[in-house]
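Colleague: need coordinates for the following:
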Amino acid sequence: MPRHSPGGAGLSIADGAVDIWLAFDAHFAQPEVLVQWLALLTPQDAARRELLFSEELQRQFVVTRALQRLVLSEYAPGVEPAQWQFQASAEGRPTLAPPFDRTGLHFNLAHTDGVVAMAVGRHARLGVDIEKRGRARLSLAGRYFSAVEAQQLRELPPDAQPLRFVKLWTLKEAYLKALGTGLAGGLGRMSFVFDGNGDFRFERADDADAARWRFSQYEIGAEHVLALAVLPGAGFAPPEVTLRLLGLPG
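Modeller: Residues are numbered from 1 along each chain as shown. Predicted coordinates:
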């Protein structure tokens, strides 16, 4: 996994590629780093940070907002991190506001205990989710999963069920985030059907583009599972995905 510190020589990203950036909270606990990144927050973000009830959540909020700005500037060296402006799309997902949308960049963010993830590419439909493996709540499967997913989950050995639960949850969230609907889009209205080799196919009857979606999934260390959902353009080729680790600034 390449490590990259902000403020380097800059990066380029091909039309068919997606970069996934990871920032682990523990790497950015130094007070001087947080002070530097606090300066990147807008007044609205600073106010939201103050409402968070724990120091850990406040630190992750700063890391998330800093990651968003620092990473985007890696692909647009002429734009300083503090300059980026954002808006909500018609579906409510965060996007770049004019004139920054002319860069052609699209992104999506996710966070869970200990880590923040950000996907960057030139695909308008792009979603990422990351969850901690210990967050599996098997009792929710019947409520949020499709019938075939819940059945396949029950048929697994008990010790394999928590990982399958988290894999399903992250795949579903990544897809719904790419659409911009979030959980309101209905976790149970789609199916990720696994075969005996651990591969899966995606099914959703009310999505005319269902066959075009491409999904990638990664186990990040021993604690986290990450999923990426992308709707490619013409050709339907799977995107080239690179995992990158955000390094300390300077």
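
Colleague: where do the helices of the protein begin and end?
Modeller: With DSSP state H, the ranges of helices along the chain come out as 31-38, 43-51, 55-75, 141-144, 147-155, 161-179.

Colleague: list the helices and strands the shortest one packs on?
Modeller: Identification of packing neighbours for helix 141-144 by 3 or more C-beta pairs under 8 Å, 6 or more residues apart in numbering; DSSP states H and E yields helix 147-155, helix 161-179. Yep, even glycine has a C-beta here, placed from its N, CA and C like the rest.

Colleague: just want the angle from the longest one to helix 147-155.
Modeller: In other words, helix 161-179. 160 degrees (axes from the mean of the first three to the mean of the last three C-alpha atoms, to 10 degrees).

Colleague: those strands in the chain, which residues are they?
Modeller: 3-4, 17-24, 86-88, 94-96, 106-112, 115-121, 126-132, 191-194, 200-203, 214-220, 224-230, 240-246 (DSSP state E).

Colleague: would a markdown table of those with mean pLDDT and distance to residue 138 be doable?
Modeller: Formatted as a markdown table, the strands of the chain follow (pLDDT from 0 to 100; distance: least, C-beta to C-beta, whole Å):
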| stretch | mean pLDDT | distance to residue 138 |
| --- | --- | --- |
| strand 3-4 | 64 | 36 |
| strand 17-24 | 94 | 27 |
| strand 86-88 | 90 | 34 |
| strand 94-96 | 91 | 32 |
| strand 106-112 | 95 | 18 |
| strand 115-121 | 96 | 23 |
| strand 126-132 | 95 | 14 |
| strand 191-194 | 95 | 16 |
| strand 200-203 | 95 | 19 |
| strand 214-220 | 95 | 19 |
| strand 224-230 | 96 | 15 |
| strand 240-246 | 92 | 28 |
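
Colleague: any chance of the ones you listed in CSV, with mean neighbour count and distance to residue 171 too?
Modeller: Formatted as CSV, those follow (neighbours: other C-beta atoms under 10 Å; distance: least, C-beta to C-beta, whole Å):
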stretch, mean neighbour count, distance to residue 171
strand 3-4, 14, 27
strand 17-24, 21, 15
strand 86-88, 12, 24
strand 94-96, 18, 21
strand 106-112, 22, 12
strand 115-121, 25, 14
strand 126-132, 24, 8
strand 191-194, 19, 5
strand 200-203, 16, 8
strand 214-220, 17, 6
strand 224-230, 26, 5
strand 240-246, 16, 15
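
Colleague: would you turn the ones you listed into JSON lines with distance to residue 148?
Modeller: Supplementary listing: those in JSON lines, determined by distance: least, C-beta to C-beta, whole Å:
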{"stretch": "strand 3-4", "distance to residue 148": "40"}
{"stretch": "strand 17-24", "distance to residue 148": "28"}
{"stretch": "strand 86-88", "distance to residue 148": "34"}
{"stretch": "strand 94-96", "distance to residue 148": "32"}
{"stretch": "strand 106-112", "distance to residue 148": "25"}
{"stretch": "strand 115-121", "distance to residue 148": "27"}
{"stretch": "strand 126-132", "distance to residue 148": "21"}
{"stretch": "strand 191-194", "distance to residue 148": "5"}
{"stretch": "strand 200-203", "distance to residue 148": "8"}
{"stretch": "strand 214-220", "distance to residue 148": "17"}
{"stretch": "strand 224-230", "distance to residue 148": "18"}
{"stretch": "strand 240-246", "distance to residue 148": "27"}
